[in-house]
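In: 3D, please:
(chains A and B)
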Amino acid sequence: MAGFLLRRLFQAIFVVLVVTLVVAFAIRLTGDPALMLTQGAGSVTEEDLARIREALGLNQPFFVQYGNFLLGILHLDFGRSFLGGTPVAMLIGKALPATLMLAFASMLVSIAISIPLGIKAAISRGKWPDQTIRILSLVGLSFPNFWLAIMLVLLFSIFLRWLPPSGMEGFTSFIMPATTIGVILTAYNVRLVRASMLETMQFQYIMVARAKGLSENVVLYKHALRNCAIPLITYFGLQFGGLLGGIVVIERVFNWPGLGTLALDAVAGRDYPVLQGVITVLSMLIVGVNLLVDIAYGLIDPRIRMEGRD
Amino acid sequence: MFLRKRVWAALMLAALVAGPLATTPAGAAGTMTVSSPQDPGSWDPIDTFLVNWASVATNIYDGLTYRGPDAKLVPGLATSWEELDGGLRIRFHLREGVVFHNGEPCNAEAVQFTFNRLLGEEGNKGPQRSNYTAIKAVDIIDAKTVDFQLNKPDPVLLTKLAGYGAMIVPPKYIQEKGDAHFNANPVGTGPFKFVSYEPKVGIKLEAFPEHWGGAPKLDKLEYRFISEPSTAVAELQAGRVDLVIPPTIPIAMISTIKSDPRLDIVTTASPTVYALRFNTGNGITAKQEVRTAMILGVDRQAIIDSVLGGQAAPIASFQGKLSFGNDPQMQPLPYDPEKAKALLKEAGVAPGATVQIDIRGNDATFNEVVQAVASYLQAIGLNATIKPYETNVLLNDIIPAGKTGEMFQQSWGGWTLDFDNTAYLMYHTGEKWNPYDSDKELDAMLESQRSITDRAEREKILQSIARYAAERALEMPLYNLNAIFGVNKRVKNFTPVPDSRLRLTEVTVE
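Out: Just a heads-up that it's a prediction; the model follows:
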């Protein structure tokens, strides 16, 4: 297990390094932050621009800049935002929990809906509940999530005035964004749960469990669900990782103070330190979640743990 | 079994709907909430050029001069001033008894500190310094009098002292707490004092009753940063935001806001003007007759009425009516497609000749405008294609490098409302925004007005620059867009400002 973990850890560090290098290099191709900062200025001379570049450390060669950035990360220092000089670590420290909480709430919504619906669809295969669930899933897959978001805002914020249309102000703020993301995820997940359950239900141990006279609920939730949990956990784990960087649009629509909003603003403002910081943290998280999924395998299925030892 | 599923379904529904959970309305008594599209990241006056810095900070700070919604320059922290040494020295007499929000006195020392900082090491790191390089030094004459020594006369300096980098800052506070602390915890002498700031979320202010101009009528003033227009409008409709400031509300959303009986749209002319500038260096637009023909061929008034819903005014030169240097006598070229066709024929342009128009891809309204322009050009026999760019690429790479098509979008407008800020940068040889043209006569006029402090004489030169540029058809002047505010009707006494420098001392909420 230790060897396996170590190997994975090295792989993870390598991936993060490559990602940061690509991002640091690519954003420098897209425009000069000194020009961005002086866009509203009446008269800007080359001298002014040189002065600002020097203050931002942009006059150094690329690999010096990148090296400083990496050294900073070792001390959890991601530098300061070009726009206003706020420490990037502080910006991420505020945005990361917001994104994590929203991603978590969305997964919760999705899992809470898709597991019972997926099981229902599986056990009534071909009958009307299965058909209905599959059609609903198709509908869910077909419409864009920002459209659902706008409709929810119209109904619950503008007409009914029950929920805040944007911002993160407490429990009520989570309901609409988490539902929007959750519903879309459910459209995928319900199919996965259904397929996974159908496969598991064919095994002989299910027949044995039934023959023992166990109640249908015990058969479904204890025997069948547990055995089809492996592909589901893999998938949910990867989905969670993907969500962290993938809910940009929803963060934007709901003005959610998360990593997506931070990254978008940084791209628009050519704020290198903020963008590099966000991408580094995101890639660490996604790689980390993948690692956790691997470890969770071992906990659920002892056979994998044994293999890891070899 | 079936019952169990029903329980599940009910739970799911409950989770989705969650019942009528109360949402906080914008207005506790005396509190106003403003939606602003951008967090400037720092509240230090020397750090930024973003207009959305000013829409907050105009309430926190004062300058030596003040310019309100009527665009007239009046005394601020200085009660009077006089020009000495032929415009090379300005003496300011400071207002007595002014204190910063932290209790520090605002005196000659604070003024000197402010400008030493702006023009010194700290200011070097930021973009504001370049606007104030005419200042050589600030000398303290006595506690209530300062002299500004100038390198050269700057006719726009008094206006520049009313905003941005020239806001007076507290010396002791900054020296004790440091610049980084000041960025996030601003202290000024303005009518509202800082309470709290959450990056990317919002900033909260409260009334500063000791303000020299009298206590503001609101108790609290809160800003929320909302970049997505539809989200800001939803917050306005939900009654959680009282005012949405520009540049947020797109033309297409005006009717939505107007149809809500609780809301209103308030507009005023802004400094921002739109033009399609010509590539005078190469292609068919190198010829002046072709450029004139293209202007004649586009019905700009019809575009304003239909695409912009009337929220703009036609312009004859690259400036709006508020601009110093605008000549109200000057009229835009008329819409005359027949004359346009004749001119094109005369210039030897074959029907079907192509024209490429480069625009900012993210500007939805201007996208529609330019499509209309393209179809007008089609009607006079030119084949126009539209090429959208990411804004920063267009501004930083394409235009300055002279890589545009025959025409390119330029939206411009400085808060100083002085035509020099446009004309010099657009027309003077070698300037970043002038990649194609070089005209010695124009250069001479542009340079001459920069050292004249006589307002009337300077205005005349600026007006003749505008006329000269129009005669040479250096751009197709399109329109001066309104600044559009969405406001809840519970807000009273709100006067829209043209330049985003919003000061909300007179406003009340019901």
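In: going forward, measure contacts between C-alpha atoms and count neighbours the same way
Out: Noted.
In: residues in contact with the host helix or strand of residue B:233?
Out: Element membership of residue B:233 [criterion: DSSP states H and E] is helix B:229-237. Contacts to helix B:229-237, defined as CA atoms under 8 Å, 6 or more residues apart in numbering or on different chains, come from residues A:153-154, A:157-158, A:164-166, A:253-255, B:35, B:226, B:241-244, B:248-250, B:257, B:260, B:263, B:486-488.
In: Please convert the buried members of those into PyMOL selection syntax.
Out: PyMOL command restricting these to the buried ones, with burial defined by 16 or more other CA atoms under 10 Å in any protein chain shown:
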select buried, (chain A and resi 153+154+157+158+164+165+166+253+254+255) or (chain B and resi 35+226+241+242+243+244+248+249+257+263+486+487+488)
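In: what residue ranges in chain B are flagged as low confidence?
Out: B:1-29 (pLDDT under 70).
In: Model confidence for the residue in chain A that chain B sits nearest to, exactly?
Out: Closest to chain B within chain A is residue A:84: 4.1 Å, counting by CA to the nearest CA. pLDDT, residue A:84: 81.
In: where along the stretch 151-300 of chain A do the helices fall?
Out: Applying DSSP state H, counting those that start in this stretch to the stretch 151-300 of chain A gives helices spanning A:171-201, A:204-211, A:216-217, A:225-227, A:229-246, A:248-253, A:259-269, A:272-300.
In: closest to residue B:63 out of the ones you listed?
Out: Closest of those to residue B:63 is helix A:259-269, at 27.8 Å (criterion: CA to CA).
In: Could you list the domains of the chain?
Out: Using chain A here. When chain A is parsed with automatic domain parsing, its domains come out as A:1-83+A:270-285+A:301-310, A:95-268.
In: That was the other one, I meant chain B.
Out: B:2-37+B:191-266+B:487-509, B:60-175, B:273-481.
In: Switch those domains over to TSV; also include distance to residue A:290.
Out: Shown next, in TSV, are these (distance: least, CA to CA, whole Å):
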stretch	distance to residue A:290
domain B:2-37+B:191-266+B:487-509	29
domain B:60-175	42
domain B:273-481	35
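In: residues from the stretch 151-300 of chain B in reach of chain A?
Out: Residues of the stretch 151-300 of chain B lying close to chain A by CA under 8 Å from any CA of the partner chain are B:180, B:183-184, B:199-201, B:226-228, B:230-231, B:234-235, B:237-238.
In: at 7 Å instead, please
Out: With the criterion set to CA under 7 Å from any CA of the partner chain, the stretch 151-300 of chain B comes near chain A through B:183, B:200, B:201, B:226, B:228, B:231, B:234, B:235, B:237, B:238.
In: which ones are touching the third one?
Out: Contacts for residue B:201 (CA atoms under 7 Å, 6 or more residues apart in numbering or on different chains) come out as A:257, B:224, B:225.
In: Name the stretch among the domains of chain A that sits most buried.
Out: Each of the domains of chain A was scored by mean neighbour count; the highest is domain A:95-268, a mean of 19, by mean count of other CA atoms under 10 Å in any protein chain shown.
In: Residue B:127 is nearest to which of the helices of the stretch 151-300 of chain A?
Out: Going by CA to CA, the one of these nearest residue B:127 is helix A:259-269, 14.1 Å.
In: In terms of secondary structure, what does the closest one contact?
Out: helix A:88-123, helix A:248-253, helix A:272-300 (3 or more CA pairs under 7 Å, 6 or more residues apart in numbering or on different chains; DSSP states H and E).
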